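A.B. asks: how would this look folded up:
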Amino acid sequence: MKLYAISDLHLGSGLNLEALDQLAADPEDWLILAGDVGETIDHLRYALDILAQRFAQLLWVPGNHDLWAIDPHDGPLRGEDKYRRLVEICRSFDVLTPEDPYAVWPGSGDRPDARSQIVLAPLFLLYDYSFRPDGVAEQDAVDWARASGVFCTDEELLDPAPHRSRQEWCRERVLMAERRLTEAAANGQRLILINHFPLRHDLVILQRIPCFSIWCGTRATENWHLRFNAEAVVYGHLHLPATHIRDGVRFEEVSFGYPSDRDQHDSARAHMRQILPNPREGR
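C.D. replies: This next block holds a predicted model:
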C-alpha cells in the first residue's frame, strides 16, 4: 500500500487530459491531488470521476487555478463560494479535503501507539505577498513584480469574496489550520502536510521569474515542518518537481505542469511521486 502525490494537472490542456485518461489504476494505493486540477468545476469533476475509480482513496487541496472565476457554467461562484462548491464535489466522490477530519494513514498497520501513526493533513492556505524582499512593502509587492514584467492572472481571476483581499483570506486559513494542526500534533503523531503552495520561501527557486514568488505562499508557515512534527511536506504550484530536505524533513514538489514544462510524451504516472512509505528508506 502506497501514498502517491501529483499536482498541477491543468486539464484545460488537451495533452494533459490524454495523460489523465491513460493513467493506470492502483486500486490499493492512495493519491494526493495537490491543487490546480484545472480551472473549472467540470475539470475537477472529470478528474475525480476517473481517479476515484482507480485509487483506493483520494485527497484534494485547491490550487489558485481551481478557484478562478472563469467558467460561465460556474455562474456567480467565486471566492469562498467556489471553494465550498469544489469541496462538495469532492465529498460526492468520497475525496478528503481541507474541510474534513484528518485521516490516519492506514499503511502503517495496526499500531495503537499514536507516535507510530502518520496523519494526512490537507491544507488550504493561499498566499499573502510575504515572499518578497524585505525592502518591499506589502502594498507595493504587485507593482514591484510588474516592474520586472511579471504579473499573475490571479490578480484578475481569483476573487477573494467575501474577504476584502487574498491576504485576509490567507490569514484566516492560516489561523484555522494552526488550530487543527496543533491538536493533531499534540499526542506525538507525525504529519504529512499537504498544500498547493510551498510552505517555505527558500523553496521558491524561480530563476527566470523570481518576482513571481509573491504569489507562492506565506512566511507564516516557514517553520511548520518542525512545529507540527512533519514526516513530509507535499506541494506543487512551481511546476518544478523535486525533492528538497530541510531540517531532515522531505519537501516534495509534485507538479505535472503544462506540456511546455516537461517532455510532452511524459506520462502522468512518471510524475506521480511516492510519499509513503518513504522511498528514501528503501521500503
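A.B. asks: So which bits of stretch 212-222 are buried?
C.D. replies: Neighbour counts over stretch 212-222 (16 or more other Cβ atoms under 10 Å) mark 212, 213, 214, 215, 216, 217, 218, 220, 221, 222 as buried. (Glycine included, C-beta is placed from N, CA and C.)
A.B. asks: what about it, distance to the chain center?
C.D. replies: Between the centre of stretch 212-222 and the centre of its host chain there is 13 Å, according to Cα atoms, centre = their mean, to the nearest Å.
A.B. asks: What of stretch 52-62?
C.D. replies: 13 Å.
A.B. asks: ok, now stretch 203-215?
C.D. replies: Averaging C-alpha positions (Cα atoms, centre = their mean) puts stretch 203-215 17 Å from its chain's average.
A.B. asks: Now do stretch 47-57: distance from first to last residue.
C.D. replies: 13 Å (Cα to Cα, to the nearest Å).
A.B. asks: Generate JSON lines for the buried residues of stretch 212-222, with secondary structure as supplementary columns.
C.D. replies: Shown next, in JSON lines, are the buried residues of stretch 212-222 (DSSP: H, G, I helix; E, B strand; the rest coil):
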{"residue": "212", "secondary structure": "helix"}
{"residue": "213", "secondary structure": "helix"}
{"residue": "214", "secondary structure": "helix"}
{"residue": "215", "secondary structure": "helix"}
{"residue": "216", "secondary structure": "coil"}
{"residue": "217", "secondary structure": "coil"}
{"residue": "218", "secondary structure": "coil"}
{"residue": "220", "secondary structure": "helix"}
{"residue": "221", "secondary structure": "helix"}
{"residue": "222", "secondary structure": "coil"}
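A.B. asks: As TSV, these with distance to residue 179 and pLDDT would be great.
C.D. replies: As requested, the buried residues of stretch 212-222 are exported to TSV (distance: Cβ to Cβ, whole Å; pLDDT from 0 to 100):
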residue	distance to residue 179	pLDDT
212	30	97
213	27	97
214	26	98
215	26	98
216	24	98
217	20	98
218	16	98
220	13	98
221	14	98
222	18	98
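A.B. asks: and of those residues, the nearest to residue 198?
C.D. replies: Residue 198 has its nearest neighbour among the buried residues of stretch 212-222 in residue 217, at 5.1 Å by Cβ to Cβ.
A.B. asks: burial of the nearest residue to the closest one once chain neighbours are set aside, as a residue count?
C.D. replies: Distance criterion Cβ to Cβ, 6 or more residues apart in numbering; nearest residue to residue 217, sequence neighbours excluded, is residue 197 at 4.2 Å. Number of residues near residue 197 (other Cβ atoms under 10 Å) recorded here: 27.
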